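Chemist: give me coordinates for this.
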Amino acid sequence: ELWAYAPYNLLPHLKYLTKPNYGAVIADHAHFVDLKPRIFDAKVFADDTDHPGGWGTILVGGMRLGGGEISVNADTSGGTDNRTMRSAIFIMDITNPEKEPKLLLEFTHANLGFTTAIPAPIVHGSTDSEGTNSKWYLMLGSGADTTPAGFDEVKSTQKGHLFLLDLNNIASGTGAPLAKEWVLDPLSANSNVFISDLVPVDYGLDNFTTDAVYFGTVSGDQSAWGGDLYRVKIQPETGAQQLAVNSWKISKVYAAGKPITAPTSIAYDRRRNRWLLVGSGRFYTKFDNNDSEAYEYYGIKEKRVPAADNWVTASNLVDISDTKVAVPAAGVAKEELINPPSMTPSLPTGARLRDLEQRMTALTDYVHGWKRVFAAGERNFGGATVLGGTVTYTSFNPDNNECSLNGQANLYVVNLATGTAGAGPVIGVDGSSYQDVIDLGSMPATTPSLHTGTGYKDNGSAKAIIQKADGSIVTYEEDNSEAVRSGESSWRQLH
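Modeler: Numbering: from 1, shown residues only. As a prediction, this is how the structure comes out:
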């Protein structure tokens, strides 16, 4: 260990570590700095030896459910200097590993709540692929209330808030760090919302600019959890000029009506449709174990019309929960669908996987996407991995017992465009159909990783790697229908 950092806003909580019986009693545990860090390169520094061209590496950390609100008297000489300490985000320059990191900012706000959302870096105004003239921001999302009730249930009693920090000002030490604050759905009656991980994307890779940011929300309380999927539109379409910050458009992508705590994964299909992949459900507290709601997983196509800001309703998504892809056999066509989904217009009699895939990706008879309804109590709270036309994601169905960490974990491996099993035995065969789910055992598992390196000769092969809550790691082979690595695809001899 080369260095460590105890955030300023966390200092009043460190005393709990000195208790002789700390951790010896059930539930006697304090959270400190638990948010997964986000690390990225940014062109926000002065040009020097450590930051050639102004580029450097930034680490953003947070407390997640650490740093509950507390008031302290910071005057140790007998006077009065009352301060309110809250869960915070901290930003560091870690460019040179041979030097100690430099703290650029520790940020908190009365409306920020617990820092449960991983922030999103945003590049704005770049005029070329080198980031020339670019302005860099960091978008934060508000979390659950920093109160005992907010911590116990991980819930919010305020509307969701988005914060935009100016990284150029922060790195230079000049100007205000907070560029803008938005209130989510300011006219809505829903006033108990917090925001999940924020995911930025540059679809066109044009001039190093951010097109949009996606995030889910959690609303309600233990009696009825809800939530939706949102987008912040920054660039109307690839090649177009980015919108001014005050004109960024926040819109609801999908009114799920269910909590979305997982980060959104984003991918293209063969026809260059943009897909948003995310599931619903939460797993924060012991009370969540008793939740028997039927949560869902979604594959949603982003509309091709640049001005389209009002999006998808539940009736627009095709329910593929019971649809299977048959293994070829006597009297059974190749990749014939078992229990084809209901669509308008209907799929042809004897429909195959390719018929469904064509309908889901076509520009005519537009289909907005698909959904899978989980078993009662099953939920998704980890991100998906997308490779070779295949989506790999996990789910978990906890035991209906507040004191248990066990349950049923699953790994789903499905076709990007259809949400069903893919073409051929990507992960194997289950009786008369291709397998689309694997039993991972009794411990929770979140986001899978994929390995396609040394030892793989088939262009579609990969290995899924999943770490479970008990620290164990399991792996499964995937034989994807689309290539996952570059290389020669065809050749022609000329004479």
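Chemist: pull out the buried positions in stretch 418-426.
Modeler: 418, 419, 420, 421, 422, 423, 424, 426 (16 or more other CB atoms under 10 Å). Heads up, the C-betas are built off the backbone N, CA and C, glycines and all.
Chemist: now for those: which two are most distant?
Modeler: 419 and 424 (16.6 Å; CB to CB).
Chemist: now, among the buried residues of stretch 418-426, which is nearest to residue 109?
Modeler: Among these, and counting by CB to CB, the member closest to residue 109 is residue 419, at 38.9 Å.
Chemist: just to check, that closest one is in contact with residue 371?
Modeler: Yes - Residue 419 lies in contact with residue 371 (CB atoms under 8 Å); the separation is 7.3 Å.
Chemist: now do the shared contacts for those two.
Modeler: 297, 299, 318, 320 (CB atoms under 8 Å, 6 or more residues apart in numbering).
Chemist: residues near the third one, how many?
Modeler: Right, residue 318. Using other CB atoms under 10 Å, residue 318 has 22 neighbouring residues.
Chemist: please list the outside residues in contact with whichever helix in the chain runs longest.
Modeler: Among the segments of the chain that qualify as a helix by DSSP state H, the longest is helix 353-361. Helix 353-361 has contacts (CB under 8 Å, 6+ apart) with 269-271, 273, 318, 323, 325, 335, 337, 340-341, 343, 347-348, 365, 367, 369-370, 415, 417-418, 420-423.
Chemist: send the alpha carbons of that helix over as CSV?
Modeler: Backbone C-alpha positions of helix 353-361 (Å, rounded to 0.1, in the frame of the first residue of the first chain) are rendered in CSV as follows:
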residue,chain,number,x,y,z
LEU,A,353,-34.9,-17.0,-34.6
ARG,A,354,-34.0,-15.1,-37.7
ASP,A,355,-37.6,-14.0,-38.3
LEU,A,356,-37.8,-12.6,-34.8
GLU,A,357,-34.3,-11.0,-35.1
GLN,A,358,-35.3,-9.3,-38.4
ARG,A,359,-38.5,-7.9,-36.9
MET,A,360,-36.7,-6.6,-33.8
THR,A,361,-34.1,-4.8,-35.9
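Chemist: that helix: what's the following helix or strand?
Modeler: strand 369-373 (DSSP states H and E).
Chemist: which SSE is immediately downstream of that following strand?
Modeler: strand 385-387.
Chemist: any idea how far that next one is from the chain center?
Modeler: 13 Å (CA atoms, centre = their mean, to the nearest Å).
Chemist: tell me what that strand is packed against?
Modeler: If you count contacts as 3 or more CB pairs under 8 Å, 6 or more residues apart in numbering; DSSP states H and E, strand 385-387 packs onto strand 265-268, strand 390-398, strand 449-451.
Chemist: and stretch 302-322, end to end?
Modeler: By CA to CA, to the nearest Å, the extent of stretch 302-322 from end to end equals 24 Å.
Chemist: hey, where'd the helices end up in this structure?
Modeler: Counting by DSSP H, the helices of the chain are 148-153, 167-172, 353-361.
Chemist: can you pull the buried residues of the longest one?
Modeler: For helix 353-361, a neighbour-count test (16+ other CB under 10 Å) marks 353, 355, 356, 357, 359, 360, 361 as buried.
Chemist: again, but for the first one
Modeler: Taking 16+ other CB under 10 Å as the basis for neighbour counts, the residues of helix 148-153 that come out buried are 150, 151, 153.
Chemist: same deal with the second one?
Modeler: Of the residues in helix 167-172, those buried under the neighbour-count criterion (16+ other CB under 10 Å) are 167, 168, 169, 170, 171.
Chemist: what would the residues you listed look like in JSON lines with distance to residue 29 and pLDDT?
Modeler: Formatted as JSON lines, the buried residues of helix 167-172 follow (distance: CB to CB, whole Å; pLDDT from 0 to 100):
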{"residue": "167", "distance to residue 29": "34", "pLDDT": "98"}
{"residue": "168", "distance to residue 29": "39", "pLDDT": "97"}
{"residue": "169", "distance to residue 29": "37", "pLDDT": "98"}
{"residue": "170", "distance to residue 29": "33", "pLDDT": "98"}
{"residue": "171", "distance to residue 29": "36", "pLDDT": "98"}
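Chemist: what's the closest of those to residue 381?
Modeler: residue 167 (28.9 Å).
Chemist: now do the closest residue to that closest one other than its chain neighbours against residue 164, distance only.
Modeler: Leaving out its chain neighbours, the residue that sits closest to residue 167 by CB to CB, 6 or more residues apart in numbering is residue 136, at 4.0 Å. Distance of residue 136 to residue 164, given as CB to CB, to the nearest Å: 11 Å.
Chemist: swap in residue 390?
Modeler: 35 Å.
Chemist: of the two, who's got more company?
Modeler: residue 390 (27 against 21).
Chemist: how many residues are close by the nearest residue to the more buried one once chain neighbours are set aside?
Modeler: With sequence-adjacent residues excluded and distances taken as CB to CB, 6+ apart, residue 390 is closest to residue 480, at 4.7 Å. Applying other CB under 10 Å, we find 26 other residues in the vicinity of residue 480.
Chemist: who touches the nearest residue to residue 276 once chain neighbours are set aside in this structure?
Modeler: Here the nearest residue to residue 276 in space, its sequence neighbours aside, is residue 300; by CB to CB, 6+ apart that works out to 4.6 Å. By CB under 8 Å, 6+ apart, residue 300 lies in contact with 229, 253, 254, 275, 276, 277, 278, 311, 312, 317, 368, 369.
Chemist: most neighbours among those, which one is it?
Modeler: Neighbour max across the contacts of residue 300 (other CB under 10 Å) = residue 278, 29 neighbours.
Chemist: so what's that residue up against?
Modeler: 216, 229, 260, 262, 263, 264, 265, 297, 298, 300, 380, 384.
Chemist: again, but for residue 37
Modeler: Counting by CB under 8 Å, 6+ apart, residue 37 makes contact with 59, 60, 61.
Chemist: please apply the same query to residue 128.
Modeler: 207, 208.
Chemist: what does residue 1 give?
Modeler: With CB under 8 Å, 6+ apart, residue 1 has no contacts at all.
Chemist: confidence score at it?
Modeler: If you check residue 1, the pLDDT there is 80.
Chemist: and the two most separated of the shared contacts of residue 419 and residue 371?
Modeler: Going by CB to CB, the pair spanning those furthest: 297 and 318, at 12.8 Å.
Chemist: just the local confidence number for the spatially most central residue of the chain, please.
Modeler: Centre of the chain computed as the mean C-alpha position; nearest residue by CA atoms, centre = their mean is residue 263, 1.0 Å away. Predicted confidence (pLDDT) for residue 263: 98.
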